[in-house]
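In: got a sequence here, can you build the structure:
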Amino acid sequence: MYRIAGLFTAFVMLAGASLSPAAAEDKTITVFAAASMKNALDEIDAAYTAKTGVKFSVSYAASSVLAKQIEQGAPADVFVSADTDWMDYATAKKTINEPTRVNLLGNSIVLIAPKDSEINNVTIAQGFNLAKLAGDGRIATGDVKSVPVGKYAKAALEKLGAWQAAEAKFAMAESVRAALTLVARGEANLGIVYSTDAKVEPGVKIVGTFPADSHPAIIYPVAATTTAKPETNDYLAFLRTSAAKTILEKYGFRFLISPTT
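Out: This next block holds a predicted model:
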C-alpha cells in the first residue's frame, strides 16, 4: 500500500516537473482595442508572437464600450482607445496605469460611398451639403454621443455647417467597423469612417476627406491597465518600435512618437 502511494506521489511530481516549463511559457496578453485597429494590430500581434511566443486574446469594439467593460472588471491588460476622451475616462476610474500611457497614433476621417456609387470627388469645405448628397439614403457613422468616429464626424459637420440638415439621415452604428459594413453592403449611401478603415474594405471608396482643422485631433492613446500582467510592459515597448511603426503606417496610421529600434 505504501509502495503504491509512493509511486503515485513520484508520478505526480514528475508530471508536475514536466508541465511546469510549458505552463510558464504559455503567456497570453489580453488587449481591448478600438475597432479601427483590427487589421493593423492583428499583424503586429502576430509579429510579436513569432518573436516571443506570447499569445494574444483581443477584443475589438468601440472605445466607449471597452472603457466601460474595463471599469466593470473585464480582465484586460492593454487598452487602445480611438480618442483621448475614453482613455481619460478610464484613467479617472483608476483602471489605467497612467505612467504607461502614450499617445501613439493619429488618423483622419473620410467620406465613403459604396464602390459602385455614382458619387465621386466631393469637396468637403464650409457649407457643403451632405444632406443633399445623401439623397433619400442614409449616412452611416458611429454613434455621435459615444463612439469616437461619430464624435469626430459630428464635430466636423457642425464646424462646416452641415450637421443640422443632415442629422436626420444618420444611421448610428455601434462601432466604426459596423458603419463601414453598412456602406459596403449598400445599406447606406454614404458613411464617415477613418481613412484606415476605408483602406481595408474593398466594398467602399473614399469620395472626400475632412479637413484636419474641422474636428479635434484624432489621437489613439495606449496604456496598460492597473491589473496588467508583468509581460505587458514588453509588449507596450514593442508598440513603440520601428517594426510596429512600419506595420501601422502601412495601414495608414500616423505614428506620433519617435520610434525605438
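In: can you give me the helices in the stretch 51-200 of the chain?
Out: Under the criterion DSSP state H, counting those that start in this stretch, the stretch 51-200 of the chain contains helices at 63-71, 84-92, 130-134, 148-160, 163-166, 176-184, 195-199.
In: by contact count, what packs against the first one?
Out: Same thing as helix 63-71. Contact here means 3 or more C-beta pairs under 8 Å, 6 or more residues apart in numbering; DSSP states H and E; on that basis helix 63-71 packs against strand 28-34, strand 55-61, strand 78-80, helix 84-92. For glycine as for every other residue, the C-beta is placed from the backbone atoms N, C-alpha and C.
In: what residues are up against the residue lying closest to Thr209 once chain neighbours are set aside?
Out: What sits nearest to Thr209 in space, not counting adjacent residues and going by C-beta to C-beta, 6 or more residues apart in numbering, is Val110, at 5.0 Å. Neighbouring residues of Val110 by C-beta atoms under 8 Å, 6 or more residues apart in numbering: Ile192, Val193, Tyr194, Ser195, Ala198, Ile206, Val207, Gly208, Thr209, Phe210.
In: hmm, back to that, identify whichever of the helices of the stretch 51-200 of the chain lies nearest to Gly53.
Out: With distances scored as C-beta to C-beta, the stretch of those nearest to Gly53 is helix 63-71 (25.9 Å).
In: name the surrounding residues that touch that closest one.
Out: Outside helix 63-71, the residues within contact range by C-beta under 8 Å, 6+ apart are 32-34, 59, 61, 76, 79, 81-83, 86-87, 89-90, 93, 95, 143, 146-148, 174-175, 225.
In: swap the cut-off to 6 Å and go again
Out: Under the contact criterion C-beta atoms under 6 Å, 6 or more residues apart in numbering, helix 63-71 has outside partners Phe32, Ala34, Ala76, Ser81, Ala82, Trp86, Tyr89, Ala90, Lys93, Thr95, Ser146, Pro148.
In: right, and the third one touches Thr225 too?
Out: Yes. Between Ala76 and Thr225 a contact is recorded at 5.3 Å, counting by C-beta atoms under 6 Å.
In: who's more crowded, those two?
Out: In this comparison of Ala76 against Thr225, neighbours counted by other C-beta atoms under 10 Å, the higher total goes to Ala76 at 25 against 21.
In: quick check: bridge partners of the closest residue to that one other than its chain neighbours?
Out: Closest residue to Ala76 in three dimensions, ignoring its sequence neighbours and counting by C-beta to C-beta, 6+ apart: Phe32, at 4.3 Å. Phe32 forms beta bridges with Ser59, Phe79, as assigned by DSSP bridges.
In: what residues are up against Phe32?
Out: Ser59, Leu66, Ala76, Phe79.
In: how far away is it from Ala50?
Out: 22 Å (C-beta to C-beta, to the nearest Å).
In: measure the residue nearest to Thr209 to Glu118 for me?
Out: Remark: distance between Val110 and Glu118 (C-beta to C-beta) = 18 Å.
In: got it, and Lys250?
Out: Here Lys250 is placed at a distance of 31 Å from Glu118 (C-beta to C-beta).
In: count the neighbours of Gly203 for me.
Out: The local packing count at Gly203 equals 14, with neighbours defined by other C-beta under 10 Å.
In: err, Trp163, not the other one
Out: Every residue meeting other C-beta under 10 Å relative to Trp163 is counted, giving 18.
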